[in-house]
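> Generate coordinates for the sequence data below:
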Amino acid sequence: MWHCSEDGRFSVKSAYNLITVEQMRDTASSSNVGVPFDWKMVWNVEVPQKIKMLAWRGVRDVVASHGNLARRGVTLELTCPMKIPRENLREWCSSVWKFVKDLNWWSLFWSIAWGVWLRRNGWTFDRKRMVGTDVIRKAVSIVGKFELAKEVRNTNPHAMLFETRWKPPLAGVIKLNSDAALLSPNEVGFGGAMRDYVGDVVVATCFRMEGGFDVDIAEALAMRHALSITMEAGFLRLCLETNCLKLHSHLKKGYVTPTPFGRIVSDILTLSRLCHFCSSSFVKRDGNRVAHGLAKACNQFSNLRVWLEECPSDVMELVLADLSHNDA
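Numbers count the residues shown, from 1 in each chain. I've put the predicted structure just below:
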């Protein structure tokens, strides 16, 4: 009786699976004999599960690297296609773990490792080379997005996620709504609407900028632009409202990351500290239609536009719609 299949019958597939498992076991054990390892640095980090699985396979030395494929009988060149020297990952991680116990550091490290692995595969299979700085930028983004996703999951949804209508601020405070709109593949529009406690527009602005931006960066740029215009108009008691959850979260926590997005957030926070009062709030897209309408209005203007106590007629219709919802 063949013990490696459910029905007890021999098959080429079951034999292949047996050989593959044994080879993987031999590879892992021969590479890691006598090297203690604390798996907290893998399983306790705050990264997506797919990155943890790559880390686990990397530490056990069972990823589909050229060396491991060669040991399984695949004929190929043993040097790394990107000329990266091969080292024992398990030994290296164990030596670093003695001095670095910060799981945030390991979250970033494994995210960078994930980026390096994708970079290596992109070069191996598609001959596409990713710049090293892009690998780091995306790694930082992965960590930030994962932390944000956890925060959203643990946040009271009724207090943060499902507010769909624009609501006026407290008396004496100006609510600043901002948004970005894609005008073309290489151009975006920024819109900002500033309204008082009765819903009247006190300042409105739109501005177009050339370049391709990630959505979160475009939203942050729109907020920075609108905040600058508002402060120049003399309003210093503000509520900053956006439909970008990532931007709102970073402003609420005062969280700045070493990324292009983080630098813009830092600018916004610096400006907000010059105000007499400044808070932030989140609203879904339906409650941010006025700012979005101003961002789309950039198609009508080639330069910066600022309106005091008025705005374009098509945008005014959206303002009146907000007021009618509040009256209802």
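> Identify the residues contacting stretch 319-328?
165, 166, 167, 168, 193, 195, 199, 201, 287, 289, 290, 311 (Cβ atoms under 8 Å, 6 or more residues apart in numbering). The C-beta positions use only the backbone N, C-alpha and C, and glycine is treated the same way.
> can we see that at 6 Å?
165, 166, 199, 201, 290 (Cβ atoms under 6 Å, 6 or more residues apart in numbering).
> Please tell me how far the third one sits from residue 192.
Using Cβ to Cβ, to the nearest Å, we find residue 199 at a distance of 16 Å from residue 192.
> Which one's more surrounded, those two?
With neighbours defined as other Cβ atoms under 10 Å, residue 199 and residue 192 compare such that residue 192 has more, 27 against 19.
> Now that one. Nearest residue, chain neighbours left out?
residue 226 (2.6 Å; Cβ to Cβ, 6 or more residues apart in numbering).
> give me the number of residues near that neighbour?
Residue 226, neighbours per other Cβ under 10 Å, totals 30.
> what's near enough to touch it?
176, 178, 192.
> phi, psi of it?
Note on residue 226: its backbone torsions stand at phi -60, psi -40 [degrees, to the nearest 10].
> thinking again about what came up before, so which of the contacts of stretch 319-328 belong to helices?
In helices, judged by DSSP state H, the following of the contacts of stretch 319-328 are found: residue 290.
> Residue 188 reaches residue 180, doesn't it?
Yes. Using Cβ atoms under 6 Å, residue 188 is in contact with residue 180, at 5.4 Å.
> Overlap in contacts, the two.
residue 218.
> Flag every buried residue along the helix or strand where residue 222 lies.
If you go by DSSP states H and E, residue 222 is part of helix 215-232. Across helix 215-232, burial judged by 16 or more other Cβ atoms under 10 Å covers 216-227, 229-231.
> could you pull out the helices for the protein?
12-32, 40-43, 49-59, 66-71, 89-97, 103-126, 132-154, 157-160, 215-232, 245-253, 260-272, 289-296, 313-327.
> Poorly predicted segments of the stretch 51-200 of the chain, please.
64-88, 123-125, 130-132, 135, 140, 143-163 (pLDDT under 70).
> repeat that for 50
82-84, 157-161 (pLDDT under 50).
> Looking at the residue nearest to residue 192 now. What's its pLDDT?
Looking at residue 226, its pLDDT is 95.
> Could you report the distance from it to residue 218?
Taking Cβ to Cβ, one finds residue 226 at 13 Å from residue 218.
> In the sheet, which residues pair with residue 187? Tell me.
residue 184, residue 210 (DSSP bridges).
> shouldn't it be in contact with residue 212?
No. Between residue 187 and residue 212 there is no contact under Cβ under 6 Å: 8.6 Å.
> Span of stretch 249-260 from start to end?
This stretch, stretch 249-260, spans 16 Å end to end (Cα to Cα, to the nearest Å).
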